[in-house]
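Peer 1: got a predicted structure plus its sequence, pasted below:
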Amino acid sequence: MEVRTRFAPSPTGFLHVGGARTALYSWLYARHNNGKFVLRIEDTDRERSTQPAIDAILEAMKWTGLNWDEGPFYQTKRFDRYNQVIDELLEKGLAYKCYCTKEELEKRHAEQVARKEKPRYDGHCRDSQEAHSPDEPYCVRFKNPKEGKVKFHDLVRGDIEFDNAELDDLIIRRTDGTPTYNFCVVIDDWDMKITHVVRGEDHINNTPRQINIYKALGAPIPEFAHVSMILGDDGAKLSKRHGAVSVMQYRDDGYLPEALLNYLVRLGWGHGDQEIFTMDEMINLFGLDAISKSASAFNTEKLKWVNNQYIKSLPPKRVAEELVWQMNHLGIDYSKGPSLEELVTALAERSHTLREMAEQSRYFYEEYEDYDAAAVKKWFKSDSLEALERCKAILEQIPENEWVADKLHPVVEQVGAQMDVKLGKVGMPLRIAVTGRGTSPEIGITMQLIGRERCLKRIDRTMEYLKQKAANQAQQQ
RNA sequence: GUUCCCAUCGUCUAGUGGUCUAGGACGACACCCUCUCACGGUGUAAACACGGGUUCGAACCCCGUUGGGAAUACCA
């Protein structure tokens, strides 16, 4: 039988990393088994569901590359189907109309809590013979079995069982005529022939209710796999105060989707000691049974490391694609200067995020304003002017067509030898001169990418600056 | 309260009764490399929540305790 999985978010907000991991696991399982992955939007709660949230979720799914084979299906478009089944249930006596008012319900609920009982519907209308006028409002409840147990084998947790006595008759159709979640999922998973339900562990408690509905319907019961939740860096439940929670926020922060997915797959799943997985490896090696049962804390430091691994190993062309967003976001006009691919190649090793990379790239495309104060203080010494003069003398002899790292790199050593000083005394003033700052890639490639004309101009500028600085100091003394 | 789920270094994990004086990764620290920042390399510190069983033998199996989490909605 074909494996069919699904991801069924409710559009009440953006896609967060926990949802993304669940989606990833569901997607991987389908791909691993050459099955189908279905996307369904669970929007039966019309109060809280919004179009912007739907758009945000779809955008995040596309960005991560978790492509779906069918859907997106919307539950709000399937109300006729749900109501048809509810009517059938009503006819067969497997569901019943409940006329209890909200006030009555609340009162009984409060009494149960006061008695320290588990609050649940008491079945007041289940066997009631009370007469009701046709226009009296009612909701529909599912007749849950009163006795026995519901057992199921969870693919990640093993056997789980609940006593039916713990469950109550849940509402499947509200007074306003709209069906509710626990009913809709069952109908949808049934209609969409879902074979494996991969979802968050918060649904474990819903599973026995849903199984009872499957049974009442005579529908096949799918396999279930309940994935644990993701905690924040501090081990507390993930929330806004943890900063990045939305998947798209990670795009904005400069993470590659490949890296996020790799990080996420390893968070709660492992294959020996392996840390980095290509998509194909993930698909080939993934299995629901290896998913860890306990919740796991999100660790941004490790994500950064993974991201750096991908920035270094992915084709520069691919990284450059994602870098475009950052450059535009920072307003850097990269049309005049090195290509983004060259930039990526030069900066890959020292960038943990694309945002960092973009921020470090300004001097390749724009003139810098001021020198980095700390770098100036640390590296501009009394002999820096001489070092720059000597550098310039050699650099001027290098023609435009030979302005490449291999030719530029030895300049520092030559001047270092001439002056009989450590290379830092030459390389650093030169670096600050051409970039305005104390950090950059290797000086040869840095100068190559900045270009001959710009470099010489900046060196001139810096020599002027150093002369001025020396003059000021002399004056003060 | 009740039901259900969970429990190995700070974090993610390997480990499915002996090969565990518990392995890897991130992070931390130290050293090496070095024109900066990084990358990389080497090394150090760092964990089986607790208590009972079962067994010749338990991180691994069972029970309990403790601690976390989820559900208990006319939300999903």
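Peer 2: Cool, got the structure.
Peer 1: for the residue nearest to the spatial centre of chain A, what are its contacts?
Peer 2: Central residue of chain A (Cα atoms, centre = their mean): residue A:247, 3.2 Å from the mean position. When contacts are counted by Cβ atoms under 8 Å, 6 or more residues apart in numbering, residue A:247 touches A:14-17, A:19-20, A:60, A:63-64, A:260. Any C-beta I mention is one placed from the backbone N, CA and C, and that applies to glycine too.
Peer 1: look at residue A:458 and tell me its secondary structure.
Peer 2: Applying DSSP: H, G, I helix; E, B strand; the rest coil to residue A:458 yields a three-state assignment of helix.
Peer 1: find the nearest non-adjacent residue to it, please.
Peer 2: residue A:434 (5.1 Å; Cβ to Cβ, 6 or more residues apart in numbering).
Peer 1: which element is that neighbour on?
Peer 2: helix A:424-435 (DSSP states H and E).
Peer 1: quick one: mean pLDDT for the next helix or strand after that helix?
Peer 2: Moving toward the C-terminus from helix A:424-435, the next helix or strand (DSSP H and E) is helix A:443-450. Here helix A:443-450 scores 95 as its mean pLDDT.
Peer 1: give me the buried positions along stretch A:375-386.
Peer 2: Of the residues in stretch A:375-386, A:375-376, A:379-380, A:384-386 count as buried by neighbour count, 16 or more other Cβ atoms under 10 Å.
Peer 1: the residue nearest to residue A:458 contacts residue A:460, doesn't it?
Peer 2: No - under the criterion of Cβ atoms under 8 Å, residue A:434 makes no contact with residue A:460, lying 11.1 Å away.
Peer 1: where's residue A:443 relative to residue A:370, distance?
Peer 2: 21 Å (Cβ to Cβ, to the nearest Å).
Peer 1: cool, and residue A:350?
Peer 2: From residue A:350 to residue A:370 the distance is 22 Å (Cβ to Cβ).
Peer 1: got it, and residue A:256?
Peer 2: For residue A:256, the distance to residue A:370 equals 32 Å [Cβ to Cβ].
Peer 1: more neighbours, these two?
Peer 2: residue A:256 (24 against 8; other Cβ atoms under 10 Å).
Peer 1: so the residue lying closest to that one once chain neighbours are set aside, which of the three states?
Peer 2: Counting by Cβ to Cβ, 6+ apart, residue A:256 lies nearest to residue A:310, which is 5.0 Å off, once chain neighbours are set aside. Using three-state DSSP, the structure places residue A:310 in helix.
Peer 1: surely residue A:310 and residue A:258 touch.
Peer 2: Yes - between residue A:310 and residue A:258 there is a contact under Cβ under 8 Å: 5.2 Å.
Peer 1: rewinding a little: got a list of what the residue nearest to residue A:256 touches?
Peer 2: A:256, A:258-259, A:262, A:319.
Peer 1: same thing with residue A:226?
Peer 2: A:154, A:156-157, A:199-201, A:203-204, A:207.
Peer 1: who's it bridged to?
Peer 2: For residue A:226, the beta-bridge partners are residue A:199 (DSSP bridges).
Peer 1: report the contact partners of the closest residue to residue A:150 other than its chain neighbours.
Peer 2: Excluding the flanking residues, the one nearest residue A:150 by Cβ to Cβ, 6+ apart is residue A:208, at 3.9 Å. For residue A:208, the contacting residues are A:150, A:152, A:162, A:164, A:167, by Cβ under 8 Å, 6+ apart.
Peer 1: how does it look with 7 Å?
Peer 2: When contacts are counted by Cβ atoms under 7 Å, 6 or more residues apart in numbering, residue A:208 touches A:150, A:162, A:167.
Peer 1: that one belongs to a helix?
Peer 2: Yes - membership of residue A:208 in a helix is supported by three-state DSSP.
Peer 1: how much space separates it from residue A:178?
Peer 2: From residue A:208 to residue A:178 the distance is 23 Å (Cβ to Cβ).
Peer 1: what is the burial count for the residue lying closest to residue A:86 once chain neighbours are set aside?
Peer 2: Distances taken as Cβ to Cβ, 6+ apart place residue A:173 nearest to residue A:86, at 5.2 Å, with adjacent residues excluded. By other Cβ under 10 Å, 25 other residues sit near residue A:173.
Peer 1: so what's residue A:173 up against?
Peer 2: If you count contacts by Cβ under 7 Å, 6+ apart, residue A:173 has them with A:86, A:139-140, A:179-180.
Peer 1: near RNA strand B, from the residues you listed?
Peer 2: Counting by Cβ under 7 Å from any atom of the strand, A:139, A:180 from the contacts of residue A:173 sit close to RNA strand B.
Peer 1: quick one, phi psi at residue A:115?
Peer 2: phi -80, psi 10 (degrees, to the nearest 10).
Peer 1: quick check, pLDDT for it.
Peer 2: For residue A:115, the predicted pLDDT is 79.
Peer 1: for it, the count of nearby residues, please.
Peer 2: Applying other Cβ under 10 Å, we find 8 residues neighbouring residue A:115.
Peer 1: can you give me the strands for the stretch 151-300 of chain A?
Peer 2: A:158-163, A:171-173, A:196-200, A:223-227, A:230-231, A:296-297 (DSSP state E, counting those that start in this stretch).
Peer 1: in a markdown table: those, plus mean pLDDT and distance to RNA strand B.
Peer 2: Output for these, formatted as a markdown table (pLDDT from 0 to 100; distance: least, Cβ to the nearest atom of the strand, whole Å):
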| stretch | mean pLDDT | distance to RNA strand B |
| --- | --- | --- |
| strand A:158-163 | 93 | 4 |
| strand A:171-173 | 95 | 4 |
| strand A:196-200 | 96 | 8 |
| strand A:223-227 | 96 | 7 |
| strand A:230-231 | 92 | 7 |
| strand A:296-297 | 94 | 3 |
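Peer 1: list just the nearest of the contacts of residue A:310 to RNA strand B.
Peer 2: residue A:262 (11.0 Å; Cβ to the nearest atom of the strand).
Peer 1: from residue A:308, how far off is that closest one?
Peer 2: Counting by Cβ to Cβ - residue A:262 and residue A:308 are separated by 12 Å.
Peer 1: over to residue A:221?
Peer 2: For residue A:221, the distance to residue A:308 equals 45 Å [Cβ to Cβ].
Peer 1: of those two, give the one with the bigger neighbour count.
Peer 2: residue A:308 (19 against 16).
Peer 1: any idea of the pLDDT on the more buried one?
Peer 2: pLDDT at residue A:308 comes out at 97.
Peer 1: what do you get for residue A:251?
Peer 2: For residue A:251, the model assigns a pLDDT of 96.
Peer 1: ok, now which ones touch it?
Peer 2: Here residue A:251 is in contact with A:63, A:325 (criterion: Cβ under 7 Å, 6+ apart).
Peer 1: okay, it and residue A:357: tell me how far apart.
Peer 2: Computed as Cβ to Cβ, the residue A:251 to residue A:357 distance reads 14 Å.
Peer 1: just residue A:411 next, same as before
Peer 2: 26 Å.
Peer 1: same thing with residue A:277?
Peer 2: For residue A:277, the distance to residue A:357 - Cβ to Cβ - is 23 Å.
Peer 1: RNA strand B contacts on the stretch 301-450 of chain A?
Peer 2: So far as Cβ under 7 Å from any atom of the strand goes, the stretch 301-450 of chain A lies against RNA strand B at A:301-302, A:304-305, A:308-309, A:312, A:349-351, A:409, A:412, A:422-424, A:426-428, A:431, A:438-444.
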